[in-house]
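Colleague: Here is a sequence with its predicted model. Questions after.
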Amino acid sequence: MTGASAALAEPIVSVIIANYNAAPFIEACLRSVLASDLADIEVVLVDDLSSDEGLALARAIAATDPRLRVIARDTNGGPAAVRNQALAQARGHWVAIVDSDDLVHPRRFTTLVAAGEASGAAIVADDQLVFDDGVASPPRRFLKPADRTEPIRLDLDSYLNRAVLYGPEPDPGFLKPLIRRDRLMSARVLYDETLRIAEDTDFAIRLLLAGLDYLVVPEPLYFYRKHGRSISHRLSLAAVEAMRAADRALSARVMSAYPALAKRCRARARALDRVAALERLIAALKQRRPIAAAAELVRNPAVIPLLRMPIMGLAGKLRGSAPPATLSPADQFKHLLADADAA
C-alpha cells in the first residue's frame, strides 16, 4: 500500500508524537516511524509551541508523505495535554506512543500488532535499547535479563510493584505501548494534564485500573535516546509535588478497589517522598543554606542513598575525562538496528 492510499484508509496504527523543541531529533524520529514495514499507519504530530525549527522540519516531511499530519498548538500545555490532543485526532485500530527524540525499528509496529492480535491484549509494549545521543558506546537493554526470554503480562499488582521512582526494578512507565483505540475510548482514560513528568506511568496505571491488560514482548524494537534536553530526566520540586498529588488521588482509587494493593501504593508514595526531600535538599544547597540542608537530611535520612545520583554526575564533570567517540545519526541508527536484530 502506498503512503497516499494508506492516508485515505482507516489505518491499522495511529502513531502519536508530542513535539516540543526537538529539532535536533524530530527528523530522524519521523523518518524511522514512516519507514515502518507496516505502511498502513498514520502519524499525528502535535507541536507544543516550540521555539526551534522542529515544527518546520515536521511540516517539510508532511509535504512529502500524506500519512503525517502536523498540528501546531498556540499555547504550551505540556506533554500530557499534547498527547490528549493527538489521541482525539487518531483514527487507527491501535494507538502507538512515540517520543519525538526517539527512534523505532522498522519491524516494531508489525511485531506489536501481531502480538496484540494473537494474545488479545489491549496494551502491548516491547523492550528498549537505551542509547546515549551521538555516542559510540553500546546501547543497554531496558528490561532485566529475566524478562527477556518470553512475553510477560503486567497486571495492576506487578505494574505498581515495578513503577517505583528510582526503585530496584525498571519502571514500566518508560515503555511506549500500543493501545487498542476502541478499548481506550471505552475506558475514557486520558493523560493527567497536571503532570509534566511521569504522565506515562499515571496513564498506564489508570488503564490497568479500568481493566485493560498489558503484554510486554522481549524484542528491543524501541530505541530510547538519552540526552540533556530530555524532559524525563529533569525533575524539579514543583514537578515532584504534582506527581505526589496525582499519586495520592490515584492510590486512593486503587486501594478502594483493591485493598490488598495498599502496600504497593505506600511503597510508591514513600519513593516520591524521598525524591521530594532530595529536591528540597538540593535547592537548599544551591541557595547556600547548609543548615536547612542538614535539617532535611535529619528529617529524611532515607534520602541519603539518592544523593549518589547528583554526586556521581558532578564527579564525572570534575574528572574531566576525554570525550567519548561520537557517531553520526545515520551510523548510530544502523548500529541500533544491528543490535536489535542480534538480540
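Modeller: It's in. Because the structure is predicted, anything quoted here is derived from the model rather than measured.
Colleague: ok, which stretches of this protein are helices?
Modeller: 3-8, 23-34, 54-62, 79-89, 108-119, 156-162, 181-187, 199-209, 237-257, 262-286, 290-299, 308-319, 329-342 (DSSP state H).
Colleague: pretty sure residue 17 is in contact with residue 86, am I right?
Modeller: Yes - counting by CB atoms under 8 Å, residue 86 is a contact partner of residue 17 at 7.2 Å. Heads up, the C-betas are built off the backbone N, CA and C, glycines and all.
Colleague: any common contacting residues for those two?
Modeller: Common contacts of residue 17 and residue 86 (CB atoms under 8 Å, 6 or more residues apart in numbering): 44-46.
Colleague: Tell me which of those fall in strands.
Modeller: Judged by DSSP state E, strands contain the following of the shared contacts of residue 17 and residue 86: 44-46.
Colleague: would CSV of those residues with distance to residue 189 be doable?
Modeller: Formatted as CSV, those follow (distance: CB to CB, whole Å):
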residue, distance to residue 189
44, 18
45, 22
46, 18
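Colleague: Just the buried ones among those residues, please.
Modeller: The neighbour count (16 or more other CB atoms under 10 Å) marks 44-46 as buried among these.
Colleague: Residue 152 versus residue 144, what's the distance?
Modeller: As judged by CB to CB, to the nearest Å, residue 144 and residue 152 stand 10 Å apart.
Colleague: more crowded one of these two?
Modeller: The neighbour comparison of residue 144 against residue 152 (other CB atoms under 10 Å) goes to residue 152, with 16 against 12.
Colleague: What residue, apart from its backbone neighbours, is nearest the more buried one spatially?
Modeller: With sequence-adjacent residues excluded and distances taken as CB to CB, 6 or more residues apart in numbering, residue 152 is closest to residue 216, at 5.0 Å.
Colleague: what pairs with that neighbour across the strands?
Modeller: residue 125, residue 152 (DSSP bridges).
Colleague: Just tell me which of the helices of the chain ends up closest to residue 225.
Modeller: When the helices of the chain are compared by CB to CB, helix 23-34 sits nearest residue 225, at 6.7 Å.
Colleague: so what secondary structure elements neighbour that closest one?
Modeller: strand 13-19, strand 41-47, helix 54-62, strand 103-104, helix 329-342 (3 or more CB pairs under 8 Å, 6 or more residues apart in numbering; DSSP states H and E).
Colleague: now stretch 24-34, how far from the centre of its chain.
Modeller: How far stretch 24-34 lies from its chain's middle: 16 Å, per CA atoms, centre = their mean, to the nearest Å.
Colleague: Please work out which residues outside that stretch touch it.
Modeller: For stretch 24-34, contacts defined as CB under 8 Å, 6+ apart pick out 3, 15, 17, 19, 22, 41, 43, 45, 54, 57-58, 61, 65, 67-68, 98-106, 133, 223, 225, 227, 229, 329, 333.
Colleague: Output that stretch as PDB, nothing but the C-alphas.
Modeller: The C-alpha coordinates for stretch 24-34 follow below in PDB (Å, rounded to 0.1, in the frame of the first residue of the first chain):
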ATOM      1  CA  PRO A  24      17.800  18.000  16.600                       C
ATOM      2  CA  PHE A  25      15.900  14.700  16.700                       C
ATOM      3  CA  ILE A  26      12.500  15.100  15.100                       C
ATOM      4  CA  GLU A  27      13.500  14.500  11.600                       C
ATOM      5  CA  ALA A  28      15.200  11.200  12.400                       C
ATOM      6  CA  CYS A  29      12.300  10.200  14.600                       C
ATOM      7  CA  LEU A  30       9.700  10.800  11.900                       C
ATOM      8  CA  ARG A  31      11.800   9.100   9.200                       C
ATOM      9  CA  SER A  32      12.200   6.000  11.400                       C
ATOM     10  CA  VAL A  33       8.500   5.800  12.000                       C
ATOM     11  CA  LEU A  34       7.500   6.400   8.400                       C
END
